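Visitor: sequence and predicted structure below; questions after.
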Amino acid sequence: MCRIGAIKSRDYIHPSWALRLMRSQQKGHDNSGFAMVMQDLGGVFENYKKYPVLSMACTEEGMKTAEDILYSMGFSRIGQWNPEIRPADNLNIEPMPIYVFQFFHYPKSMRNASQAEKEQLLVDARITLRRALEANGEGYVYSFWPDTLTLKEIGDPTDIGTYFNLWEESKDFTARIITAQCRQNTNYDIVRYAAHPFFLQGYTVLANGENTFYEKNKHFQKSLHKGYIGFESDSQCFLYTLHYIHRELGWPLKYYKHTVTPLPFEEIERHPERDVLLRIRSSLAHLEINGPNTLIGVLPDGQMFTCCDSKKLRPVVVGRNEDMVVISSEVNGINEILPDRDWKQDIYPHARETVIINNELEVNQWQQCV
């Protein structure tokens, strides 16, 4: 089973916070991997928030392939962060030879381009890099986006933290938003891309559970956007639907919940938005999900949210203090990093609820039902 967690902080925090959040839930996962997405970066990245950051794990040949592609597209490297690798024979980890966290200038030809054109270029670049590296097994490109860094690894989460020296806090490597999951894709062949969180154009999603409508989602989504690729995990569909509803269609977040877990028809008939909800059910039925799951999402503007399947078959809890909001599969994860919070303010979202945390750390509970 997966375990997921997310932290949204007023101040910059180190990934050790996410590791401690997940380590306390160790009995709930299988120690097969650890992955995280850091957004709203601090440390060495803080002064480069407008520039795309490449997160990649690769071989030496893959590094050369990626450099050649990016330079041919006109990107020029500004700088990089190198993890302080600490290998040891007793660590349960299957590392790649090289880890790349570099930030780039956009091509000179994009100097007067619109934000939408720059964002499309980054999607195209990441797809090109991924396909080139996949062709010869040279590596994995996890994200290529401003103010975002992604790490995915196979092995024991505690050992992964040790290998990358992530247990020792450093002001050089921080963020205000960190999402994390402990578990590789052990239902099928392990593929690094299958590890949550999933990221696309500023949207992040991670999930605990299953999506039994995976095939239906996948076949429909493949026709919607060039960035909807891979599908190594059934939970990847949650990300693509969020991206499609919120970015491509431009709908408010509440319609994401109405799409993935629509109300029964008898409840829709009594709902103030009856006509809209009926249209969603008829036109986007292939984006509905099923099965036990809880998901956490982050929007490009930094807002974070969580919601559950229509029967609430997977746990999730939201805890907070004045400076931090934490979402976790298990309350003991929040107890670990926020032991002095007011526990009476903890929220256990129900099946028809979306809990949204805005950038002032205000927690809002939106109800799908009337």
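Guide: Ah, there it is. Not measured: the values here are computed from a predicted model. Residues are numbered from 1 along each chain as shown.
Visitor: tell me the average confidence for the top strand by length along the chain?
Guide: Determined from DSSP state E, the single longest strand within the chain is strand 3-13. Computed over strand 3-13, the mean pLDDT rounds to 95.
Visitor: residues in contact with the helix or strand just after that strand?
Guide: Downstream of strand 3-13, the next assigned helix or strand under DSSP states H and E is helix 16-23. Helix 16-23 is contacted from outside by 3, 5, 7, 9, 29, 34, 36, 157-158, 161, 166-169, 178-182, 326, 328, 333-334, 336-337, using Cβ atoms under 8 Å, 6 or more residues apart in numbering. Every residue, glycine included, has its C-beta placed from N, CA and C.
Visitor: can we see that at 6 Å?
Guide: With contact meaning Cβ atoms under 6 Å, 6 or more residues apart in numbering, helix 16-23 is reached by 5, 7, 36, 157, 161, 166-167, 169, 178, 180, 182, 333, 336-337.
Visitor: now for the residues you listed: which two are most distant?
Guide: E169 and C182 (19.8 Å; Cβ to Cβ).
Visitor: neighbour count for these two, which is higher?
Guide: Applying other Cβ atoms under 10 Å to E169 and C182 shows that C182 carries more neighbours, namely 32 against 12.
Visitor: wait, what's in contact with the more buried one?
Guide: R3, M22, H29, F34, P157.
Visitor: from I4, how far off is it?
Guide: Distance, C182 to I4, by Cβ to Cβ, to the nearest Å: 8 Å.
Visitor: go on, N217?
Guide: With the distance defined as Cβ to Cβ, N217 ends up 19 Å from I4.
Visitor: re the thing from before, if we take the contacts of helix 16-23, which one ends up nearest to H14?
Guide: E169 (4.3 Å).
Visitor: doesn't the closest one fall inside a helix?
Guide: No: under DSSP: H, G, I helix; E, B strand; the rest coil, E169 sits outside any helix and is assigned coil.
Visitor: phi and psi next, for it.
Guide: In terms of degrees, to the nearest 10, the main-chain angles of E169 are phi -70, psi 140.
Visitor: contact partners for it?
Guide: Applying Cβ under 6 Å, 6+ apart, we find E169 in contact with H14, S16.
Visitor: how about the longest strand of the chain: buried residues?
Guide: Buried residues in strand 3-13, counting neighbours by 16 or more other Cβ atoms under 10 Å, are found at R3, I4, G5, A6, I7, K8, S9, I13.
Visitor: okay but the fourth one is in contact with I327, surely?
Guide: Yes: judged on Cβ atoms under 6 Å, A6 makes contact with I327 at a distance of 4.5 Å.
Visitor: now do the shared contacts for those two.
Guide: I296.
Visitor: test my guess that P146 contacts P52.
Guide: Yes: the pair formed by P146 and P52 meets the contact definition of Cβ under 6 Å, at 5.3 Å.
Visitor: okay, those two: which has more neighbours?
Guide: Neighbours were counted for P146 and for P52 using other Cβ under 10 Å; P52 has more, 25 against 20.
Visitor: coming back round to it: which among the contacts of helix 16-23 count as buried?
Guide: The buried subset of the contacts of helix 16-23 - by 16+ other Cβ under 10 Å - is G5, I7, M36, P157, G161, L166, I178, A180, C182, G333, E336, I337.
Visitor: so of those, which ones are in helices?
Guide: Here DSSP state H is the test, and the buried ones among the contacts of helix 16-23 give P157, G161, G333, E336, I337 as lying in helices.
Visitor: CA atoms only: put the strand or helix carrying R77 into CSV for me.
Guide: Here R77, judged by DSSP H and E, is contained in strand 76-80. The C-alpha trace of strand 76-80 is given here as CSV (Å, rounded to 0.1, in the frame of the first residue of the first chain):
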residue,chain,number,x,y,z
SER,A,76,21.8,27.6,-21.8
ARG,A,77,22.7,26.4,-18.4
ILE,A,78,22.8,29.0,-15.5
GLY,A,79,23.8,26.7,-12.7
GLN,A,80,23.1,23.5,-10.8
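Visitor: residues in contact with that strand?
Guide: Contact with strand 76-80 is made by Q102, F103, F104, H105, as judged by Cβ under 6 Å, 6+ apart.
Visitor: which SSE is immediately downstream of that strand?
Guide: Where DSSP H and E defines the elements, the next helix or strand beyond strand 76-80 is strand 98-105.
Visitor: buried stuff in whichever helix or strand comes after that following strand?
Guide: Downstream of strand 98-105, the next assigned helix or strand under DSSP H and E is helix 115-135. Within helix 115-135, the residues scored as buried using 16+ other Cβ under 10 Å are E119, L121, L122, V123, A125, R126, T128, L129, R130, A132, L133.
Visitor: distance between helix 115-135 and the chain's centre?
Guide: Per Cα atoms, centre = their mean, to the nearest Å, the displacement of helix 115-135 from the mean C-alpha position of its chain is 18 Å.
Visitor: which helices and strands does that helix pack with?
Guide: helix 60-72, strand 139-146 (3 or more Cβ pairs under 6 Å, 6 or more residues apart in numbering; DSSP states H and E).
Visitor: if we can go back for a sec, and the least confident of the buried ones among the contacts of helix 16-23?
Guide: Minimum pLDDT across the buried ones among the contacts of helix 16-23 falls on C182, with 83.
Visitor: so what sits opposite it in the bridge?
Guide: C182 forms beta bridges with R3, as assigned by DSSP bridges.
Visitor: re earlier: ranking the helices and strands packed on helix 115-135 by burial, who's on top?
Guide: Of all the helices and strands packed on helix 115-135, strand 139-146 has the most neighbours on average by mean count of other Cβ atoms under 10 Å, namely a mean of 24.
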